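Mind looking at a prediction? Sequence and model below.
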Amino acid sequence: MKNYKRLMLLPVLVVAVLVPMLMMTACFGGAYSIQGDAPTQEQLVGRWNLTRTEYRPMGVSTNATGGRFVEFRADGTFVENNFWSGNATGTWTLNGHTLVMTLEGTSSGDWLFVANREVGIDGGTLHMVYTRTQGSTWHYRHRFSRA
C-alpha cells in the first residue's frame with residue numbers, strides 16, 4: 001500500500017517541478033528569431049507603425065504601442081519615435097536580414113545605441129528583433145505595419 005501511494009505522488013511531483021520550469025523558460029528565455037524574408041532597401045524605405053512589441057526576460061507582450069513608429073528614408077537616415085527618447089534620428093544600412101541603425105549623439109557603449117537589428121518582411125509586416133544589455137540582457141521583438 002505504501003508503494004502505491006508513492007506512485008500516486010510521482011505525477012504530482014513531476015508536474016510541480018516541470019510546470020514552473022516551463023514557465024520560466026517561456027518568460028526568461030533567450031533571443032527571439034526573425035520572421036519573414038530579408039527586405040530590400042526599397043521595401044524598407046517609408047514609415048512603419050509599431051503594432052506589437054514583446055520583450056524578455058519579463059515575458060511581456062503588448063499591443064499598446066503608443067503611436068510609436070520608425071521612418072526609413074532613401075538617403076540612409078531614419079526617424080524613430082521610441083519609448084526611451086521620443087524622436088530619435090540617425091543613419092541606417094541594410095545587408096540581408098541585418099539592419100544597422102546608428103542613433104545620432106550615441107556611441108556603442110550607450111544603452112540607446114543598438115547597432116544590429118535583425119529584420120524580415122512577411123507580407124505587409126516588418127519584423128524586427130534585437131538584444132540590448134544594460135545590467136541585464138533584454139531581448140526584443142517588434143512588429144510594424146506600413147503607415
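Noted; the coordinates are in hand. All values reported here derive from a predicted model rather than from experimental measurement.

use CA for all of it now, contacts and neighbours both
OK.

Quick check: nearest residue in space to V119, chain neighbours excluded?
Among residues not flanking V119 along the chain, M128 sits closest, at 4.5 Å (CA to CA, 6 or more residues apart in numbering).

ok, now which ones touch A38?
Taking CA atoms under 8 Å, 6 or more residues apart in numbering as the definition of contact, the neighbours of A38 are 96-97, 119-121.

Going through those, which ones are buried?
Burial of the contacts of A38 was assessed by neighbour count (16 or more other CA atoms under 10 Å); the buried members are 97, 119-121.

Which ones among those residues lie within strands?
119-121 (DSSP state E).

tell me the domain ranges of the protein?
Each domain of the chain is listed here as a residue range: 1-30, 41-146, per automatic domain parsing.

quick one: which of these has the weakest pLDDT on average?
Set side by side, these differ in mean pLDDT, and domain 1-30 is lowest with a mean of 45.

Now do the helices in this structure.
Taking DSSP state H to define them, one finds helices in the chain at 2-28, 41-44.

Check what contacts the shortest one and list those residues.
When contacts are defined by CA under 8 Å, 6+ apart, helix 41-44 is touched by residues 72, 74, 94.

Tell me if I'm right that the second one and V45 touch.
The one in question is A74. Yes - using CA atoms under 8 Å, A74 makes contact with V45 at a distance of 5.9 Å.

Columns distance to T89 on top of the ones in strands among the buried ones among the contacts of A38, output as JSON lines?
JSON lines is the format used below for these (distance: CA to CA, whole Å):
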{"residue": "V119", "distance to T89": "19"}
{"residue": "G120", "distance to T89": "21"}
{"residue": "I121", "distance to T89": "22"}
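
you'd agree R73 is up against V45?
Yes - when contacts are counted by CA under 8 Å, R73 is listed as touching V45 (5.4 Å).

hmm, back to that, which among the ones in strands among the buried ones among the contacts of A38 gets closest to N81?
Checking these against N81 by CA to CA gives V119 as the nearest, at 17.8 Å.

Would you quantify the distance from that closest one to R141?
Computed as CA to CA, to the nearest Å, the V119 to R141 distance reads 10 Å.

residues near the closest residue to R132 other than its chain neighbours, how many?
By the measure of CA to CA, 6+ apart, the closest residue to R132 outside its immediate chain neighbours is W138, 5.2 Å from it. The local packing of W138 (other CA atoms under 10 Å) involves 18 other residues.
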